[in-house]
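[1] this one's structure only:
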């Protein structure tokens, strides 16, 4: 019955099991109360979207989510309910949240392109590339950039040439450099690996 955030401090596994049970039983109000009391914004927003409480779901998506995968879950729930604009709002906000952003950004790029929002599709494709570089993600940016490709290409190659981090896959860098005929850059990546 408690609905104030933080009112429930049960173990996460128990909380999620209770949520699944409440959902199966169709006890959506109780589900929302528990999600709110446990501070589970993602679960709360997804359930609100499923119940066609779009504005409430969007508000939670914009105000309470902290990681991109949660924004993806909420955006997909909204999109499944045929509210593409609300889904785009939450997903676009998700581009500013904590990593990993690649799946959210790729999903947003595809949906935005289908809806004729080419600039948003391009921006999301770039975020997907920067989050998880790959030859496919690079090609997606190239396909969406059109006449603006040379400038974007220079920025993406500059990004790939920066010092690698632990999550930065050298295979993707080598593949892209070879695709562009930048043999010396590819060799430098292999030497550093």
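    Arrived safely. None of these values were measured; they are calculated from a predicted model.
[2] For stretch 96-115, give the mean pLDDT please.
    Stretch 96-115 carries an average pLDDT of 96.
[3] mind listing what's buried in that stretch?
    97, 101-102, 104-109, 111-113 (16 or more other Cβ atoms under 10 Å). Bear in mind the C-beta positions are built from the backbone N, C-alpha and C, glycine included.
[4] now the residues you listed as a markdown table including distance to residue 34?
    Listed next are the buried residues of stretch 96-115 as a markdown table, based on distance: Cβ to Cβ, whole Å:
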| residue | distance to residue 34 |
| --- | --- |
| 97 | 24 |
| 101 | 29 |
| 102 | 31 |
| 104 | 26 |
| 105 | 31 |
| 106 | 32 |
| 107 | 28 |
| 108 | 30 |
| 109 | 34 |
| 111 | 30 |
| 112 | 34 |
| 113 | 38 |
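[5] from those residues, which ones fall inside helices?
    Residues of these located in helices (DSSP state H): 102, 104-109, 111-113.
[6] Contacts for stretch 50-65 next, please.
    28, 41-42, 44-46, 48-49, 71, 74-75, 77-78, 81, 83, 86, 89-90, 93-94, 97 (Cβ atoms under 8 Å, 6 or more residues apart in numbering).
[7] And the helices in this protein, which stretches?
    12-24, 28-37, 41-50, 54-63, 68-80, 84-94, 102-114, 118-131, 135-145, 149-161, 170-179, 183-192.
[8] weakest of those by average pLDDT?
    Minimum mean pLDDT among these: helix 183-192, a mean of 88.
[9] buried set for that one?
    Those would be 185-186, 189, for helix 183-192 by 16+ other Cβ under 10 Å.
[10] any idea which of the residues you listed is the one closest to residue 20?
    Nearest to residue 20 among these is residue 189, at 45.0 Å by Cβ to Cβ.
[11] quick one: the closest one and residue 172 touch, right?
    No: contact criterion Cβ atoms under 8 Å: residue 189 and residue 172 do not qualify, at 9.5 Å.
[12] Pick out the residue nearest the middle of this structure.
    For the chain, residue 104 is the residue whose C-alpha lies nearest the centre (Cα atoms, centre = their mean; 2.2 Å).
[13] Now do that residue against residue 136, distance only.
    Noted for residue 104: a distance of 16 Å to residue 136, by Cβ to Cβ, to the nearest Å.
[14] what do you get for residue 105?
    In terms of Cβ to Cβ, residue 105 sits 13 Å off from residue 136.
[15] cool, residue 28 as well?
    Taking Cβ to Cβ, one finds residue 28 at 39 Å from residue 136.
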